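# pasting the structure only:
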């Protein structure tokens, strides 16, 4: 298999790296976090103009017609500098749900403006007591005279405190449903909450009555949710790879410049061994992330889940080791908020929990037919 990047992919990677270096270093993330803004709409619009928000969408809806491989290249680079714009939450998670759940008219109404950078999306799916469940459990949708009545509570909605449009999952007598609501729709109550990575999230209460045309009607909602979750899990691994690379670089530089007993601490063999172990773990994530990106758009659910769960479990193990080792090798300064390594550590902790932690994905991998068949034989 040829893993060389195409010319278009190389151009994309060069442009994203240039943008991150010149426009969005880690210091920008820190300033936005401290100011309480989180991200910048002007930068989001610029990303739309550059075509980055269109990468995973087909040309029929105004997209670039690319794949999640291109998205992975972008998010890996974003991860190296903690770019705060809600690409994972809006484009990958909510965008995938809307793409696979909506019809052409709904794509034009809600997906096209996001691709242009004029709006942003959030997917409200998580519920208390049902950790990592992709489909709705307690949020209900019942038919009413005006269309539908959606009632329930969603927790830790990524980008939910800022998104212009919210896609909410609910359970009807027919199964899972997806509805699209404006953030100021009557009966939508949004409470912003803090998260350890500084990006924040939202708790959202729903007692709303959307009309029929705000129910996504272009595909099976359960399948759309499954695809969206798997795509977001795979792309969280790509972002985590960027975090790992940045942390390894910070640690390597620290070992070269920090002196003890009159010599750089990187000259001590024990610390060299730890740095090599960190490098090996980064490369493990790189390989498995590539496979997950290739498989993230698969229509074969078992094949997709196998690659995604393997990648997510590997990130949980390797990402934890790399960031914890970086904290230890930096010594006391590593646990202070003033040092960037702590920011990466916190983001990695969140990425390892999003869309399923290590235990969840190991169990899911073990439940797949190809794995259980081998045990039975």
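Here it is on my side, so go on. The structure presented is a predicted model; accordingly, all values stated were derived computationally and were not measured. Numbering: from 1, shown residues only.
# now the strands: where do they sit in the stretch 101-250 of the chain?
121-124, 140-144, 147-158, 165-172, 175-182, 188-193, 201-208 (DSSP state E, counting those that start in this stretch).
# now for the fourth one, which elements pack on it?
The reference is to strand 165-172. Other helices and strands packing on strand 165-172, by 3 or more C-beta pairs under 8 Å, 6 or more residues apart in numbering; DSSP states H and E, are helix 95-101, strand 121-124, strand 140-144, strand 147-158, strand 175-182, strand 201-208. Any C-beta I mention is one placed from the backbone N, CA and C, and that applies to glycine too.
# related to what we said a few turns ago, dump the strands of the stretch 101-250 of the chain into JSON lines; add mean neighbour count, distance to residue 250 and mean pLDDT as well.
Output for these, formatted as JSON lines (neighbours: other C-beta atoms under 10 Å; distance: least, C-beta to C-beta, whole Å; pLDDT from 0 to 100):
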{"stretch": "strand 121-124", "mean neighbour count": "28", "distance to residue 250": "31", "mean pLDDT": "98"}
{"stretch": "strand 140-144", "mean neighbour count": "16", "distance to residue 250": "47", "mean pLDDT": "95"}
{"stretch": "strand 147-158", "mean neighbour count": "21", "distance to residue 250": "26", "mean pLDDT": "97"}
{"stretch": "strand 165-172", "mean neighbour count": "24", "distance to residue 250": "36", "mean pLDDT": "98"}
{"stretch": "strand 175-182", "mean neighbour count": "22", "distance to residue 250": "41", "mean pLDDT": "97"}
{"stretch": "strand 188-193", "mean neighbour count": "14", "distance to residue 250": "29", "mean pLDDT": "97"}
{"stretch": "strand 201-208", "mean neighbour count": "20", "distance to residue 250": "27", "mean pLDDT": "97"}
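# And stretch 339-349, what's buried?
The neighbour-count check on stretch 339-349 (16 or more other C-beta atoms under 10 Å) flags 339-348 as buried.
# Just the closest of the residues you listed to residue 174, please.
Set against residue 174, the nearest of those by C-beta to C-beta is residue 347 (38.7 Å).
# Residue 197 is in contact with that closest one, correct?
Yes. Look at residue 347 against residue 197 with C-beta atoms under 8 Å: they come within range, at 4.5 Å.
# List the contacts of residue 94.
Residue 94 makes contacts with 121-123, 159, 163, 167, 228, as judged by C-beta atoms under 8 Å, 6 or more residues apart in numbering.
# so residue 25 sits right up against residue 83, yeah?
No. At 9.5 Å, residue 25 does not count as touching residue 83 under the criterion of C-beta under 8 Å.
# When these two are compared, which one has more neighbours?
Using other C-beta atoms under 10 Å, the more surrounded residue of residue 25 and residue 83 is residue 83, with 25 against 15.
# what about that one, is that helix, strand or coil?
What DSSP: H, G, I helix; E, B strand; the rest coil gives for residue 83 is coil.
# And the pLDDT for it?
Residue 83 carries a pLDDT score of 97 in this model.
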